[in-house]
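Undergrad: Here's a sequence, model it:
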Amino acid sequence: MFKKHNAELIFKLIILLILLLPIINSQFYYDSSNQQHNIDQFSGKKLLEITQGPANDTTAPTITFIQPETNNTVIRKKSYTIIVNISDENPPLFGDVTCKISNYTMFLFNATMNYEGQSQWSFNWDNISLYPNQYYIGYIIQILAEDSSLNENLGMTGELYIYLDIPGFNPGILNVIIYLLIVCFIIAGIIVFLNRKMLHKISDQKTGNVKVNP
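TA: Below is the predicted model of the structure:
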């Protein structure tokens, strides 16, 4: 009876672990990316010296990917620069061009892009090795740009899909393994505790040393 109870308890704990693991794993990547991309807008960045344009501009910025250029690009570097060309009569100001990274299940982070001159903007994804190689899922890049007119016209690209194939052991996987080991130790500790408690109870019954509440 006790063994059956143990088996049911272990089964429930394993099911709970399977359900929580994707949430915890995704939250880890989300938190690490936020810390990585919380950059100072005024530290060594090129700023556009542009005054705000007229209010009669109703045309949104035109954004074209330069790198990556096409869908299904496979990235094999631990640092990758996303580059776009943005054309508009009233070009965006610094802070108004955003690179959005997500996967098929959730949003990951936004990052401010830097002006490089000649209508080009870039974002260096330098912590890319923190993200797992998802060969069948991949990641989604989308660029948003708001021009400097009083109307603040917003332009955006379509979703561009990329895949990661970064060599070497992924730190994200290491954290998942550590988490699984910790959970296994907790489950083992619970089982040992319950076994000892049951053995003491059986021993007390055999010796007649049963505690009776007054």
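Undergrad: contacting residues around residue 165?
TA: For residue 165, the contacting residues are 74, 75, 76, 133, 135, by Cβ atoms under 8 Å, 6 or more residues apart in numbering. Every residue, glycine included, has its C-beta placed from N, CA and C.
Undergrad: again, only using 6 Å
TA: For residue 165, the contacting residues are 74, 76, 133, by Cβ atoms under 6 Å, 6 or more residues apart in numbering.
Undergrad: for residue 69, same thing?
TA: Residues near residue 69 by Cβ under 6 Å, 6+ apart: none.
Undergrad: where does it land on pLDDT?
TA: Residue 69 is assigned 90 on the pLDDT scale.
Undergrad: Which SSE is immediately downstream of the helix-or-strand element of the chain with minimal mean pLDDT?
TA: The weakest-scoring helix or strand in the chain, judged by mean pLDDT, DSSP states H and E, is helix 2-36 (a mean of 53). Using DSSP states H and E, the next helix or strand after helix 2-36 towards the C-terminus is strand 62-67.
Undergrad: If you count neighbours, what's buried in that following strand?
TA: Residues of strand 62-67 classed as buried by neighbour count (16 or more other Cβ atoms under 10 Å): 63, 65.
Undergrad: What pairs with that strand, parallel or antiparallel?
TA: strand 80-87 (antiparallel) (DSSP bridges).
Undergrad: what comes into contact with the strand it pairs with?
TA: The contact list for strand 80-87 (Cβ under 6 Å, 6+ apart) reads 61-67, 99, 119-125, 128, 143, 145.
Undergrad: Could you export the next helix or strand after that strand as CSV, CA atoms only?
TA: Sequence order places strand 97-103 as the next helix or strand after strand 80-87, per DSSP H and E. This file holds the C-alpha atoms of strand 97-103, laid out as CSV (Å, rounded to 0.1, in the frame of the first residue of the first chain):
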residue,chain,number,x,y,z
VAL,A,97,14.0,52.3,-33.9
THR,A,98,13.4,49.0,-32.1
CYS,A,99,14.4,45.4,-32.8
LYS,A,100,11.8,42.9,-31.5
ILE,A,101,12.9,39.3,-30.8
SER,A,102,10.5,36.5,-30.0
ASN,A,103,9.9,32.8,-30.7
